[in-house]
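**Q** predicted model, plus sequence, below.
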Amino acid sequence: MTNSGSGSGKEKKVDNDSTVSIHFSLTLADGTPVDGTQDGEPMTFTMGDSSMIPALEEVIFGLSIGDKQQISLDPRDTFGFPDEENKHWMNKPEFDQDVELEEGLMIEFGTPAGDQIPGILLEITDDKVLVDFNHPLAGHEVVFSVEVIDIT
């Protein structure tokens, strides 16, 4: 009698309850890197735990260890489109005095719930700052590349 490997004869695939380790890269459509595990440490998460947006989980669903996938995703499937209502004027004294305010600067802001969200400074006047709280990737097509390292 010979053993063909796993014993079950079934290849493990990512499903709704899987904890998955992946190497990934997220780039803009023009190839500009946004995020990834280029440092060599894979990302580990449990499907459905909200650490990945649903469209990215859909790409991984059904893959096996060693499988690779790359897909271009439209803004409606990832970070949405910019919303003018997510831009707010703030008074300059609300900002840390150690921060040199300049247009284009991204700053982390604390929410009342204790979360951190990024805001990009769009316009600066003598006493106010216009901050864009839309996701920095809102309105951008992104390319998601993934390799499944482990499934538990």
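**A** Received the coordinates, thanks. Numbering: from 1, shown residues only.
**Q** would you check how far apart the residue nearest the centre of the chain and Phe81 are?
**A** In the chain, the residue lying closest to the centroid (Cα atoms, centre = their mean) is Met52, at 6.6 Å. Separation of Met52 from Phe81 (Cβ to Cβ, to the nearest Å): 20 Å. Glycine gets a C-beta too; all of them are placed from N, C-alpha and C.
**Q** using CSV, write out every CA atom in the host helix or strand of Ser72.
**A** Using DSSP states H and E, Ser72 sits within strand 68-73. Extracted in CSV, the C-alpha atoms of strand 68-73 (Å, rounded to 0.1, in the frame of the first residue of the first chain):
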residue,chain,number,x,y,z
LYS,A,68,-1.1,32.5,-7.9
GLN,A,69,-3.6,34.9,-9.2
GLN,A,70,-3.6,38.4,-10.5
ILE,A,71,-6.6,40.6,-11.3
SER,A,72,-7.4,44.2,-12.1
LEU,A,73,-10.2,45.6,-9.9
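**Q** stretch 76-84: which residues count as buried?
**A** Asp77, Thr78, Phe79 (16 or more other Cβ atoms under 10 Å).
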